[in-house]
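give the three-dimensional model of this entry:
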Amino acid sequence: MTKSVARVGVLACIVGIVASWLAVAPAFADEIPSGATAQSVFDGSGPHQVATPTVTNPCQESVVGMIAHIVVHTFGNRDDLRCTQAFPYGLQSPVGVNTYYPADIAEMGSAPMILFEGGITSNPGNYDTLVRQWTSQGFVVVVAYDFFNSLAYVPAIGLATAVMQNRDPASPLFGRIDLSRTVLAGHSGGGQATLQAAAMFPPIAGLVDPALKIIGLLAIEPGPLAVGAMVGMPTLFLTGYNDFVVPDFAWVRWWEYNLMGGTPAWIANARGVSHFSPVDGPGAYRSAGTAVAWLRYLAFGDETAKQFFIGPQWRLRDDPAYFRVERNAAADALQ
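Numbers count the residues shown, from 1 in each chain. This is a model prediction of the structure:
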């Protein structure tokens with residue numbers, strides 16, 4: 001081996017070590033301009049291109065999809081829905097798992113995972129915009145579905161699929177999913193299923209995979225079949241002022257947020273947001289930036305994102321996009 005070849009090899013090793021360190025090192029806080037919000041800072045695509053085998057099409061191509069299209073526009077959505085061919089929106093299986101991941105994941109070393117479940121009777125393609133945004137931020141996003149999308153066995157199917165992909169040498173995700181940074185997320189019926197899973201998964205995590213750890217929860221306009229007292233991880237509830245399906249003042253507060261007790265919890269009620277706003281197109285969901293900030297705070301220790309949730313001067317509280325923002329005593333105590 002010549003000296004030049006040896007130097008190249010040493011340099012490559014150094015670059016690899018530095019890149020690995022940067023992938024897990026906490027980000028330093030950027031100075032947030034006066035008047036900036038989570039939406040203005042975080043609502044946008046991240047630095048990663050998105051890879052997925054998932055194929056979507058206009059929902060209007062099926063009868064059921066056309067009905068869903070009309071419903072969301074009736075509730076004020078700006079953009080047309082996207083759907084996959086999952087039955088009854090098409091002729092593919094109504095039960096399945098769609099996976100999205102950064103196209104450059106091989107160079108990243110590993111990526112945290114979001115287990116996501118959509119709302120009751122929704123199609124997984126409805127959330128393509130939302131999960132692509134999260135994936136572009138450096139997450140593997142696993143979307144499990146069964147049409148009814150209301151119980152914890154659905155994210156369990158997603159988790160099992162992700163673990164298998166992480167162990168499969170033929171998968172592009174082989175050894176690339178950081179199971180120790182797993183976040184549960186869901187909307188509507190899927191939000192209640194996520195809360196159920198948050199109570200069920202942690203005690204058995206080691207049996208599923210020794211590396212598995214659930215680090216937090218994002219519940220978007222969740223359904224009523226869950227109890228906050230059963231959840232033992234940091235949780236952000238996102239609700240909508242114009243949501244008449246899951247009103248902010250009802251069960252989301254009564255027996256979900258209010259019963260979180262000693263577990264850190266936040267709840268934010270966004271102005272102009274209806275129940276179907278999370279499935280709208282880019283820039284239309286007014287809590288999208290807050291969701292990204294929360295996910296980055298949980299999984300990456302992002303110091304800029306942290307400023308919106310933690311400390312005496314936490315910024316989300318003063319965000320004019322929200323009619324009402326609260327956090328409990330356990331969240332107050334975090335530094």
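
list the buried residues for stretch 316-329?
By 16 or more other CB atoms under 10 Å, the buried positions in stretch 316-329 come out as 316, 319, 321, 322, 323, 325, 326, 327, 328. From N, CA and C alone the C-beta is placed, and that goes for glycine too.

the residues you listed: which two are farthest apart?
Maximum pairwise distance in those, criterion CB to CB, is 21.0 Å, between 321 and 328.

where do the strands sit along the chain?
Secondary structure of the chain (DSSP state E): strands at 50-51, 57-58, 82-83, 96-102, 111-117, 140-145, 177-187, 214-220, 235-240, 265-270, 322-327.

next, format those as CSV and append mean pLDDT.
Output for the strands of the chain, formatted as CSV (pLDDT from 0 to 100):
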stretch, mean pLDDT
strand 50-51, 98
strand 57-58, 97
strand 82-83, 98
strand 96-102, 98
strand 111-117, 98
strand 140-145, 98
strand 177-187, 98
strand 214-220, 98
strand 235-240, 98
strand 265-270, 98
strand 322-327, 98
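
ok, which of the ones you listed comes nearest residue 281?
strand 82-83 (9.0 Å).

which one of the buried residues of stretch 316-329 is nearest to residue 43?
Residue 43 lies nearest to residue 321 out of the buried residues of stretch 316-329, by CB to CB, at 10.3 Å.

that closest one reaches residue 270, doesn't it?
Yes. At 5.7 Å, residue 321 and residue 270 qualify as touching, with contact defined as CB atoms under 8 Å.

what is in contact with these two at once?
Listed as contacting both residue 321 and residue 270 by CB atoms under 8 Å, 6 or more residues apart in numbering are 286, 287.

ok, which of the strands of the chain comes nearest residue 37?
strand 322-327 (9.2 Å).

in its sheet, what does the closest one sit against?
Paired neighbours of strand 322-327 in the sheet (DSSP bridges): strand 265-270 (antiparallel).

export the strand it pairs with to PDB, keeping only CA atoms.
What follows is strand 265-270 as a C-alpha-only set of coordinates in PDB (Å, rounded to 0.1, in the frame of the first residue of the first chain):
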ATOM      1  CA  ALA A 265     -47.800  17.300  28.400                       C
ATOM      2  CA  TRP A 266     -48.600  20.200  26.200                       C
ATOM      3  CA  ILE A 267     -51.900  21.100  24.400                       C
ATOM      4  CA  ALA A 268     -52.200  23.700  21.600                       C
ATOM      5  CA  ASN A 269     -55.500  24.800  20.000                       C
ATOM      6  CA  ALA A 270     -54.800  26.300  16.500                       C
END
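
now do it: everything it contacts.
The contact list for strand 265-270, computed with CB under 8 Å, 6+ apart, reads 228, 234-241, 248, 252-253, 257, 277, 286-287, 290, 309, 316, 319, 321-328, 330-331.

mind jotting down where the helices sit in this structure?
3-24, 38-42, 63-74, 105-108, 128-136, 153-167, 189-208, 251, 288-300, 303-306, 329-332 (DSSP state H).
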